[in-house]
Each structure stands twice: as structure tokens, then as C-alpha cells.
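S.K.: turn this into a structure:
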Amino acid sequence: MGIAEAIPGVSGGTIALITGIYFRLIAAIKSIDLSLISILKKDGLKAALEHIDFFFLVKLISGMVIGIVLGVFGISYLIEHYPEPLWSFFFGLILASCVYIMRQVEGIGFKEVFLVIIGFILSWFICEISPVDGSTSLVFLFFAGMVAISALILPGISGSFILLILGLYTVVIGTLKNFLSSPDLDSFKILFVFGLGCLCGLAVFSRVLSWTFKHYEKPTLAVLVGFMLGSLNKIWPWRIPDQLLNKETGTIEQFSSSIHTGIIASDEFKILTELKVLPSEYLINTPKTTLCIISFFLGLIFVFGLSAMGKKTD
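M.R.: Purely as a prediction, here's the structure:
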């Protein structure tokens, strides 16, 4: 889940759902409220820890912290040098996840199919939004944390991609990288405020999801599957830039293959929109088609392997 949260387009909530810990995670987050104080006073520390499923959360958070660190450093390398196979792996992972989840829903009818379509359209629209220039205002960072963390428990919507839309992906990931390498007060302040927003977002959103699952389980799962299918729009392996913003002149330029990808990746240009193409039309790099196909099937295998582990855990 930690690795997934570090990658734009992939949701940690998806990983939680296919491993069978999704509902336990929501219940654990929701249980952290003011009633915990009265339980602590009345029944003691052990009862309070059991109430919030403390040891489950400790193990999960520990794994996520390691995953985020691996994601920030290791996945950054893969995105830079092997983006196409990486996106192919997650394309297969998410597609297989949708099939797996729908197989868990009994009695699929017209309403569930309709809600899958609604979720798909909404997620597709979000993925088409062009990133904006972010702000390092602490108030903006707080509310960005509240919105982005929803992806932790919302399959199909990536928290990293939400940060990308808000113009904060490089700010947050860059600050985290700098803080891990050489801690300083400014980096800590940014990460602290962002983390505080995440905690508040989790407290609110876990209760909303818990209520919808309790009263409308099948419709909620249908919408989540739609979200996941719509997110495939953002992780198609072969994408070429369409419109670029020249940061020096402020003008929008049309991409042409004569512009070297090294220039595009630099700070001089910012990619505004992209086009999804076939491997034969992928002109900015070698398509690595064979490696992408292998990665795609590894994604499929990964899902069914995790789901099997989830069943054993349950």
C-alpha cells in the first residue's frame, strides 16, 4: 500500500481491497474517536488498544512506511528509466482487481452496472483534469492532505495523482526525499501540516465509507469498481505529451517528436495533456512491448496471489 501511494495513478485502497484487509482497516480508523478516552478510563489500556485494533494498525503502518520510502526512491528510478513496463504492471493489477471484486458481489443487477458506469465516468473525468500550479501555503497543504488521503481508503483514485492535480506531488515527494536525506525545520513543517490534514481526512472519510458500506454495500462496491476502471485512463503505458507549458515564456506549445524527451522532463516544460497511443505510434521512447506484456501478466498474477493470501488470512 505504501509503494502504491507513492505512484500517481495507483491507489493504496485498491491493494487493501484485494488483500482482504479493507473492511478491517476502515473499522480500525473509524474506531479512533472520543469514546476511546472513556474506554481507557473505564476498562484500561488493553481494552482501548483492542478497541482500535492497535496491533493490526501498527503492522500495517510499519509496512506502509517502508513501502513509501521504497516508493519514493526505488519507484522514482523505475518511473524515470522503465515507465512503460511499470504502468503495464499496474494496468494488469487494477484490471484484475476489478474482476476479482465484482466476483465477490452477489446478485449484480442493472443498478450495480449503472453505478459502475457512473464511477467510471467520474474517475475518467478526474484523470483528465490538467495539473495546476500548487501552493506551499500551509492552509492549502492541510486541505490537500485531507483530499489526497481519501485515496488510502478509496480504491481506484490515487492519492499521488490527487497531489499531481493539485500541483503538490513534486512538493510533497521532494520535501519527503529531502527530509529523509537531511532533516530540516522547513521540511518538517510542510510534512507535519500535510500529515495533520491526512489524519483529519481519514477521520472524516472513514466514517462516510463505513456508513455507506453498512447501508449500501453492493452499490458502494460497484461505484468503487467504476473508480478503478476509470483510473486505467491515467496509467495506459504508452502516452505521449500533447500540450506543453513553456514555463519561461508562459506559452502553451504543441508537442512534436523533434522536442527531445530530456527537455520535456526538465523544468523548462510542464506537460499539460497527454495522448494515449499504440506501441507502434510511441515515438518518444522504445515501446518495450514484450516487457510490457510480461509486466501486465505479472500484475494479473500478483492480484490473484494477494487475493489467495487474503483468503487464508480471513
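S.K.: can you show me the strands along this protein?
M.R.: Ranges of strands within the chain are 239-246, 252-254, 269-276, based on DSSP state E.
S.K.: what pairs with the second one, and is each one parallel or antiparallel?
M.R.: I take that to be strand 252-254. Using DSSP bridges, the strands paired with strand 252-254 are strand 239-246 (antiparallel).
S.K.: now the strand it pairs with: average pLDDT?
M.R.: Confidence for strand 239-246, expressed as mean pLDDT, is 75.
S.K.: and that strand, what's buried?
M.R.: Applying a neighbour-count criterion of 16 or more other Cβ atoms under 10 Å, one finds 239-241, 244-245 buried in strand 239-246. C-betas here are computed from N, CA, C, even on glycine.
S.K.: try stretch 297-314
M.R.: Buried-residue list, stretch 297-314, by 16+ other Cβ under 10 Å: 298-300, 302-303, 306-307, 310.
S.K.: TSV for the buried residues of strand 239-246, including distance to residue 275?
M.R.: Formatted as TSV, the buried residues of strand 239-246 follow (distance: Cβ to Cβ, whole Å):
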residue	distance to residue 275
239	7
240	5
241	8
244	12
245	16
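S.K.: please identify the buried residues of stretch 26-35?
M.R.: 26, 28-32.
S.K.: identify the residues contacting that stretch?
M.R.: 51-53, 56-57, 153, 202-203, 206-207, 209-210, 213 (Cβ atoms under 8 Å, 6 or more residues apart in numbering).
S.K.: first-to-last residue distance for that stretch?
M.R.: End-to-end distance for stretch 26-35: 17 Å, by Cα to Cα, to the nearest Å.
S.K.: what is the rounded mean pLDDT of that stretch?
M.R.: pLDDT averaged over stretch 26-35 gives 84.
S.K.: quick check: which ranges of the stretch 201-314 of the chain have low pLDDT?
M.R.: 245-251, 256-272, 310-314 (pLDDT under 70).
S.K.: from residue 142, how far off is residue 49?
M.R.: From residue 49 over to residue 142 the distance is 29 Å, taken as Cβ to Cβ, to the nearest Å.
S.K.: ok, residues contacting stretch 38-55?
M.R.: 24, 27-28, 31-32, 35-36.
S.K.: mind running it again at 7 Å?
M.R.: 24, 28, 31-32, 36 (Cβ atoms under 7 Å, 6 or more residues apart in numbering).
S.K.: so what's residue 136 up against?
M.R.: Applying Cβ under 7 Å, 6+ apart, the residues contacting residue 136 are 171, 190.
S.K.: adjust the sequence numbering to begin at 45 for everything that follows.
M.R.: Done: numbering now begins at 45, and the last item shifts to residue 180.
S.K.: ok, now how distant is it from residue 213?
M.R.: Taking Cβ to Cβ, one finds residue 180 at 13 Å from residue 213.
S.K.: go on, residue 227?
M.R.: For residue 227 relative to residue 213 (Cβ to Cβ), the value is 21 Å.
S.K.: these two: which is more packed in?
M.R.: Shown here are residue 227 and residue 213; by other Cβ atoms under 10 Å, residue 213 has more neighbours (20 against 10).
S.K.: which one is the more buried one nearest to, not counting chain neighbours?
M.R.: residue 207 (4.2 Å; Cβ to Cβ, 6 or more residues apart in numbering).
S.K.: distance between the ends of stretch 74-88?
M.R.: 20 Å.
S.K.: just give me how far that stretch sits from the chain centre.
M.R.: Centroid separation between stretch 74-88 and its chain, computed with Cα atoms, centre = their mean, to the nearest Å, is 31 Å.
S.K.: same question, stretch 141-156
M.R.: Put simply, stretch 141-156 sits 22 Å off its chain's centre (Cα atoms, centre = their mean).
S.K.: so which bits of that stretch are buried?
M.R.: 141-142, 144-145, 156.
S.K.: hmm, which two among the residues you listed are most spread apart?
M.R.: 141 and 156 (16.6 Å; Cβ to Cβ).
S.K.: isn't residue 350 right next to residue 63, touching?
M.R.: Yes - the criterion here is Cβ atoms under 7 Å, and residue 350 meets it with residue 63 at 4.9 Å.
S.K.: now the common contact residues for these two.
M.R.: With Cβ under 7 Å, 6+ apart, residue 350 and residue 63 have no common neighbours.
S.K.: any idea how far residue 223 lies from residue 216?
M.R.: 11 Å.
S.K.: so which of these two has more stuff around it?
M.R.: Set side by side, residue 223 and residue 216 show more neighbours around residue 216, with 22 against 15, by other Cβ under 10 Å.
S.K.: could I get the contacting residues of the closest residue to that one other than its chain neighbours?
M.R.: Leaving aside its chain neighbours, residue 216 sits nearest to residue 207 (5.7 Å; criterion: Cβ to Cβ, 6+ apart). By Cβ under 7 Å, 6+ apart, the residues touching residue 207 are 188, 192, 213, 216.
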